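> The following comprises the amino acid sequence and a computationally predicted model.
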Amino acid sequence: MRVKLSKSNLEVSRIVQGMMRLNSWGYTEKELTDFIQKAIDIGVTTFDHADIYGNGECEEIFGNVLKNNPSIRNEIQLITKCGIIRKDENSNIRVKHYNTSKEHILKSVENSLKKLHTDYIDLLLIHRPDPFMNPEEIAEAFYELHKSGKVLNFGVSNFTIQQFKTLQEYTNLPLITNQIEISPYNLEHFENENIYFLLQKKINPMAWSPLAGGKIFNPSEEKGQRILKALKEVAKDFNVSSLDKIVYAWLLNHPVGIIPISGSGKIERLKNAVEAIDIKMNREQWFMIYEAALGHKVP
Amino acid sequence: MRVKLSKSNLEVSRIVQGMMRLNSWGYTEKELTDFIQKAIDIGVTTFDHADIYGNGECEEIFGNVLKNNPSIRNEIQLITKCGIIRKDENSNIRVKHYNTSKEHILKSVENSLKKLHTDYIDLLLIHRPDPFMNPEEIAEAFYELHKSGKVLNFGVSNFTIQQFKTLQEYTNLPLITNQIEISPYNLEHFENENIYFLLQKKINPMAWSPLAGGKIFNPSEEKGQRILKALKEVAKDFNVSSLDKIVYAWLLNHPVGIIPISGSGKIERLKNAVEAIDIKMNREQWFMIYEAALGHKVP
Amino acid sequence: MRVKLSKSNLEVSRIVQGMMRLNSWGYTEKELTDFIQKAIDIGVTTFDHADIYGNGECEEIFGNVLKNNPSIRNEIQLITKCGIIRKDENSNIRVKHYNTSKEHILKSVENSLKKLHTDYIDLLLIHRPDPFMNPEEIAEAFYELHKSGKVLNFGVSNFTIQQFKTLQEYTNLPLITNQIEISPYNLEHFENENIYFLLQKKINPMAWSPLAGGKIFNPSEEKGQRILKALKEVAKDFNVSSLDKIVYAWLLNHPVGIIPISGSGKIERLKNAVEAIDIKMNREQWFMIYEAALGHKVP
């Protein structure tokens, strides 16, 4: 099952594989190639990177697979991000900050292309909204990258409604997604109304941390315990034992068309996400989880 | 005095009579018929229902009057709402939730028409913003109901600015009101800026709980005491003894064109609301009440 | 260095001189004339007033200089504001409130013109968003003032995004600025997203209290101490000893095009603000101050 992103020709898989922790999976190149192939086999063809993941190592490790298996490139879609400048121990950066200058965006993409051993990125995201952003510069960078064919599509991550509108105002290239944190544990983008805005604009959000980093399954406080209880009750309705499927189904069933990003390196976990696509959750079930997260019933 | 709602042909009365508690008024059918007739006589021709008021009883009791006095229908405007699914003791609903599916909206309206003994609703409102809403389905339901003549106009209740925009994006039928809680006790929709948005769009809000359920007159805490004091001071200016008139005047004088919903079953209370239409409050008086509610002067 | 304000023909100076405390500077007319001339000489040609500054005295004192030196009028741009009704000890106003009625706006401008000894205002601002505002009346007042040539341009002060949109909807005259509080000490308009909105609309904000009333340099609490430390570190990069220059540079370098209003009556302080125009701050430096203000690094 695939999703054609609004206002673009880009088709991504219904579940995206996240690459943030790739450098900690401990895979040999052979094992990683195997993992990628299995992901593709079960329909997960979209892989989510960022220039800063593993301090650049994640793109590089992934790129080595593409280098030695170039035919894979045509079967997959690559997402990467730029704009965050980390304060690393060895660098002379004094504070973590954002850099969304034209110069930096172009340089970051060049690096990503080289590391990933590809000549194009399917979707480039501005990683974080930059309070010092000059949207005109970002738009110029997007235009050049698009013209040269180095980046096919553009989007943002963690933007508010207004930040999205501001950047969009400066470019004719459509922003085709906003990658945001969504999970029963994090309803922030219901509260700040991004969900409603994306519904208005018919833009699919991508959800990072859909399982709240595992917190949902090992709750240390009341909120987590409430959510866990609700998940178990809904799981019973479907006779499903893996609660992560219920979380994914909760995301996948929402009308806004959430595309969850699975961050695990275990193929079984990815399979669970994919199998959740078939679970049709009704309104009562969806609200059981939503209200457990809220801590009270709806008004 | 009547108000033609923006972008529609619907004229409602300046004061609307709320029917939420009709089933607890203890009226015989004769007494209710009498109440409705008296309301009409003083210019209150618009009656506000919801499918869930009194668990459906309120529409039914009111509908019996229409059944036995069919000529009343032409003199009045009927509002009703749908979308809330209550968890009642006898039902097998596990959590209170919202249902804004096409199927449910159509079914709910059919029920309301039957109970109210009418073949059309003047104004149908989505009762609460639904975090799981599919605006496309709502728009389809509105379209069908409009085409068949079963519902003449559409609106929402308790929606934020963004939720309003999202739903409006999906339909050519104008959303002609947002029924929200407004009273000196509840400034929420000044704070969330709905008032400014409705002013921008020239849409009249309807105000539920304009007297804050009576809390204003029997204040148990400081805020209520501050408001009461201000109301008394302004009442003195007008040589008015009924403080509810001052509250209604505070609402009626606002440039956004607030249409208050009086919830009482006593005709004297409704008369007070109607008489408030003639009170012209000046800016100083309006701010005396507003600042008492805020708890501090404006910056 | 001058700034042409978006959608208008008005050019203001990159730094504006604020006149709020003029009546407390203790200047003779000769000294004030001298101050104004020196400001003009260093490029500061825009002067910011309000009808209520010094209870009307500030406009009057300034106007006396114009009366006796009429040639100055052609060299400067005058901003003034209206809409606030103060509760003064001697008046019979019961509460501080806002008055944005057509009648009051017209009357206030007449007074300002008389006091300032000028026949036109370059830029009139609504001083505060008025929860009781009737945008139609404001628009009518603007139209008349514009037609008669008494006011050349219009804007607002302290408005939110929605309040700005609401008023703009009612008039074809563009609102060309929003004068808001911005300083490292006050990030409110980053948080409420006015900065992003103004960036979207290409509207220059003016910043009042850019030095947070001096609080930045004599911090009594942790936040101020953090900001002070960051300012000192950045000042070292530029080998600058006056920290106010660093604060002004932090404002002036932002892509939204902030126009700071210097409130001091000392020409040396104004010179510092002007000299800050030449400081090119990089992203790391800008974020050092921003994060000191936040109290944490960016996500």
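In hand now; what should we look at?
> Once you drop chain neighbours, what's closest to residue A:69?
Closest residue in space to residue A:69, ignoring its immediate chain neighbours: residue A:33 at 5.9 Å, by Cβ to Cβ, 6 or more residues apart in numbering or on different chains. Backbone N, C-alpha and C define where each C-beta goes, glycine included.
> can you give me the helices for chain A?
Remark: helices assigned in chain A by DSSP state H are A:29-41, A:57-68, A:102-116, A:135-147, A:161-169, A:188-191, A:194-201, A:222-238, A:243-252, A:267-275, A:283-294.
> list the buried ones in the longest one?
This means helix A:222-238. For helix A:222-238, the neighbour count (16 or more other Cβ atoms under 10 Å in any protein chain shown) marks A:223-224, A:226-228, A:230-231, A:233-235, A:238 as buried.
> Filter the residues you listed to keep only those in contact with chain B.
Applying Cβ under 8 Å from any Cβ of the partner chain to those, one finds that residue A:233 fall near chain B.
> With distance to chain C and pLDDT added, can I get the buried residues of helix A:222-238 in TSV?
As requested, those are exported to TSV (distance: Cβ to the nearest Cβ, whole Å; pLDDT from 0 to 100):
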residue	distance to chain C	pLDDT
A:223	21	96
A:224	22	95
A:226	26	97
A:227	23	98
A:228	27	97
A:230	28	98
A:231	27	98
A:233	34	98
A:234	31	98
A:235	32	98
A:238	35	98
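> Mind picking the two most distant members of the buried residues of helix A:222-238?
A:223 and A:238 (23.2 Å; Cβ to Cβ).
> Can you pull the residues of the stretch 101-250 of chain A lying near chain C?
Residues of the stretch 101-250 of chain A lying near chain C (Cβ under 8 Å from any Cβ): A:101, A:128, A:131-136, A:158, A:160, A:162-163, A:165-166, A:169.
> Can I have the buried ones of these as a PyMOL selection?
What follows is the PyMOL syntax for the buried subset of these, where burial is set by 16+ other Cβ under 10 Å:
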select buried, chain A and resi 101+128+131+132+133+134+135+158+160+162+163+165+166
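> closest one to residue A:81 among the helices of chain A?
Checking these against residue A:81 by Cβ to Cβ gives helix A:102-116 as the closest, at 8.7 Å.
> Could you list the buried residues of the closest one?
Within helix A:102-116, the residues that count as buried by 16+ other Cβ under 10 Å are A:102, A:104-106, A:108-109, A:111-113, A:115-116.
> now the angle between helix C:283-294 and it, please.
Counting by axes from the mean of the first three to the mean of the last three Cα atoms, to 10 degrees, helix A:102-116 points 100 degrees away from the direction of helix C:283-294.
> which residues touch helix A:102-116?
Helix A:102-116 is contacted by residues A:49, A:51, A:56, A:59-60, A:62-63, A:66, A:78, A:80, A:82-83, A:119-121, A:124, A:137-138, A:140-142, A:144-145, A:150-151 when judged by Cβ atoms under 8 Å, 6 or more residues apart in numbering or on different chains.
> one step back: TSV please, covering the buried residues of helix A:102-116 and showing pLDDT.
Supplementary listing: those in TSV, determined by pLDDT from 0 to 100:
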residue	pLDDT
A:102	98
A:104	98
A:105	98
A:106	98
A:108	98
A:109	98
A:111	98
A:112	98
A:113	98
A:115	98
A:116	98
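> what's the closest of those residues to chain C?
Taking Cβ to the nearest Cβ as the measure, chain C sits nearest to residue A:104 out of the buried residues of helix A:102-116, at 8.6 Å.
> Let me know the pLDDT of the nearest residue to residue A:53 once chain neighbours are set aside.
Nearest residue to residue A:53, sequence neighbours excluded (Cβ to Cβ, 6+ apart): residue A:20, at 4.8 Å. Here, the pLDDT recorded for residue A:20 equals 98.
> Ok, the one 3 residues further on next?
What the model reports for residue A:23 is a pLDDT of 97.
> Now for the closest residue to it other than its chain neighbours, how many residues are close by?
Of all residues not flanking residue A:23 in the chain, residue A:54 sits nearest, at 3.5 Å (Cβ to Cβ, 6+ apart). Here the number of neighbours of residue A:54 (other Cβ atoms under 10 Å in any protein chain shown) works out to 18.
> now residue A:273
Residue A:273 has 28 nearby residues by other Cβ under 10 Å.
> How about residue A:58?
Neighbours of residue A:58 (other Cβ under 10 Å): 25.
> these two touch, right, it and residue A:20?
Yes. Using Cβ atoms under 8 Å, residue A:58 is in contact with residue A:20, at 6.8 Å.
> which neighbours do these two share?
Common neighbours of residue A:58 and residue A:20, counting by Cβ under 8 Å, 6+ apart, are residue A:50.
> how close does residue A:112 get to residue C:12?
Using Cβ to Cβ, to the nearest Å, one gets 43 Å for the distance from residue A:112 to residue C:12.
> er, residue A:210 actually
For residue A:210, the distance to residue C:12 (Cβ to Cβ) stands at 50 Å.
> May I have the predicted confidence score for the closest residue to residue A:146 other than its chain neighbours?
Of all residues not flanking residue A:146 in the chain, residue A:173 sits nearest, at 5.9 Å (Cβ to Cβ, 6+ apart). Listed pLDDT for residue A:173 reads 98.
> So what's the residue count around residue A:173?
Residues near residue A:173, counting by other Cβ under 10 Å, number 18.
> Let me know whether it touches residue A:152 as I believe.
No. Counting by Cβ under 8 Å, residue A:173 stays clear of residue A:152, with 10.0 Å between them.
> Give the full set of residues in contact with the residue nearest to residue A:23.
So residue A:54 contacts A:20-24, A:61 (Cβ under 8 Å, 6+ apart).
> Which one (most neighbours) among these?
Within these, most neighbours by other Cβ under 10 Å means residue A:22, with 23 neighbours.
> that older thread, could you pull up the residues touching the residue nearest to residue A:146?
Shown in contact with residue A:173 (Cβ under 8 Å, 6+ apart): A:139, A:142-143, A:146, A:153-154.
> Format those residues as CSV; extra columns: neighbour count.
CSV is the format used below for those (neighbours: other Cβ atoms under 10 Å in any protein chain shown):
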residue, neighbour count
A:139, 19
A:142, 23
A:143, 16
A:146, 17
A:153, 24
A:154, 26
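> Out of those residues, which two sit at the greatest distance?
Across the contacts of residue A:173 (Cβ to Cβ), the longest gap, 14.5 Å, separates A:139 and A:153.
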